[in-house]
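J.: sharing a model that was predicted from the sequence below.
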Amino acid sequence: MTGAPALLVIAHGSRDPRHAATVHALTRRARALRPGVRVETAFLDFNAPTVGQVLSSLHLSGVREVVALPLLLTRAFHAKSDIPAALAESTARLPGLRVRVADVLGPSPLLLSALELRLAEAGITPADRATTAVVLASAGSTDPEAIAAIAETAREWRHTGWCAVRPAFASGAFPPGFSRTEDAVRALRAEGFARVAVAPYVIAPGRLPDRIAAGAEAAGADVVADVLGAAPELARLLLRRYDAAAVGVPLLAAA
């Protein structure tokens with residue numbers, strides 16, 4: 001089979017049915033933007049199909065070139081361990097299959113645009129920008145590279161005109177500069193910011209995004225945005241990562 005490599009979007013998966021529904025909505029949007037590319041979805045856990053199942057199906061249909069894209073905002077454990085292991089296992093048993101692994105989604109200006117879209121949908125106007133403090137609330141990580149990437153995203157976003165941007169985690173240990181979402185909201189309020197908004201730096205709904213929203217509301221945040229979800233900017237970012245990987249040297253290939 002010739003033509004463009006297939007795009008395999010690999011999500012984490014969740015017991016919460018909203019997670020898979022959101023992932024599928026995002027990949028449908030990417031598929032609509034690039035009708036000449038076969039776009040498939042796989043999950044690491046909780047949901048079907050698995051990475052191995054999708055790659056086997058692609059191989060059976062004649063596909064030999066695949067770009068695997070981790071649906072992750074940072075390079076943490078899943079990007080460094082789980083996904084490479086799942087891909088290696090599959091390519092070892094599928095003759096002739098070549099898989100290129102795309103970069104994770106973050107950091108990217110398109111993610112900042114998606115965050116701002118969700119805040120706008122929640123009622124924040126451009127005129128509010130200079131008087132609104134924002135909590136950039138992610139699920140949490142113990143990986144130093146992921147922590148640094150989230151902190152850098154907060155710094156970059158702050159430079160676009162918001163009066164303050166504070167990174168926060170929904171769970172786990174809190175490195176310097178980070179706290180729980182509710183504590184970040186209270187700290188910004190104590191520093192004198194009259195309006196505080198919470199922007200979940202999370203792709204799909206689930207237990208931790210719910211914890212972010214609950215903490216924000218408990219602390220009295222003025223605005224709580226939705227998760228990034230199937231934002232148009234995310235669909236464009238998927239294709240940008242795909243394009244960059246599609247011209248690279250295959251990282252994994254069966255003998």
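T.: Thanks, I have it. Residues are numbered from 1 along each chain as shown.

J.: what's in contact with stretch 35-44?
T.: Contact partners of stretch 35-44, identified using Cβ atoms under 8 Å, 6 or more residues apart in numbering, comprise 3-13, 20, 23-24, 27, 30-31, 49-51, 53-55, 57-58, 63, 78, 82-83, 86, 239, 242. Where C-beta positions appear, they are placed from N, C-alpha and C, glycine not excepted.

J.: among these, which are located in strands?
T.: Among the contacts of stretch 35-44, DSSP state E puts Ala6, Leu7, Leu8, Val9, Ile10, Ala11 in strands.

J.: ok, the fourth one touching Thr22?
T.: No - under the contact definition of Cβ atoms under 8 Å, Val9 does not touch Thr22, with a separation of 11.9 Å.

J.: who has more neighbours out of those two?
T.: Val9 (25 against 21; other Cβ atoms under 10 Å).

J.: name all residues that make contact with that one.
T.: Contacts of Val9 (Cβ under 8 Å, 6+ apart): Val23, Leu26, Thr27, Ala30, Val39, Glu40, Thr41, Ala42, Leu69, Leu71, Leu238.

J.: is it bridged to anything, and to what?
T.: Thr41, Leu69 (DSSP bridges).

J.: on the pLDDT front, check it for me.
T.: Per-residue confidence (pLDDT) for Val9: 98.

J.: ok, it to Ser138 distance?
T.: Distance, Val9 to Ser138, by Cβ to Cβ, to the nearest Å: 20 Å.

J.: ok, now Gly52?
T.: If you go by Cβ to Cβ, the gap between Gly52 and Ser138 works out to 29 Å.

J.: pick out whichever of these two has more residues nearby.
T.: The neighbour comparison of Gly52 against Ser138 (other Cβ under 10 Å) goes to Ser138, with 29 against 15.

J.: surely the more buried one touches Gly172?
T.: No - using Cβ under 8 Å, Ser138 makes no contact with Gly172, being 9.9 Å away.

J.: low-confidence stretches in the chain?
T.: 1-2, 249-255 (pLDDT under 70).

J.: how many other residues sit next to Ser56?
T.: 16.

J.: name the nearest residue to it, ignoring sequence neighbours.
T.: Here the nearest residue to Ser56 in space, its sequence neighbours aside, is Leu94; by Cβ to Cβ, 6 or more residues apart in numbering that works out to 6.7 Å.

J.: quick one: the one you found from Arg186, how far?
T.: From Leu94 to Arg186 the distance is 52 Å (Cβ to Cβ).

J.: can you give me the helices in this protein?
T.: Shown for the chain, the helices assigned by DSSP state H span residues 17-33, 51-60, 77, 83-93, 109-121, 144-158, 181-190, 207-218, 232-246.

J.: want to throw those into a markdown table with distance to Arg100?
T.: Below are the helices of the chain laid out as a markdown table (distance: least, Cβ to Cβ, whole Å):
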| stretch | distance to Arg100 |
| --- | --- |
| helix 17-33 | 17 |
| helix 51-60 | 13 |
| helix 77 | 21 |
| helix 83-93 | 10 |
| helix 109-121 | 21 |
| helix 144-158 | 21 |
| helix 181-190 | 36 |
| helix 207-218 | 30 |
| helix 232-246 | 5 |
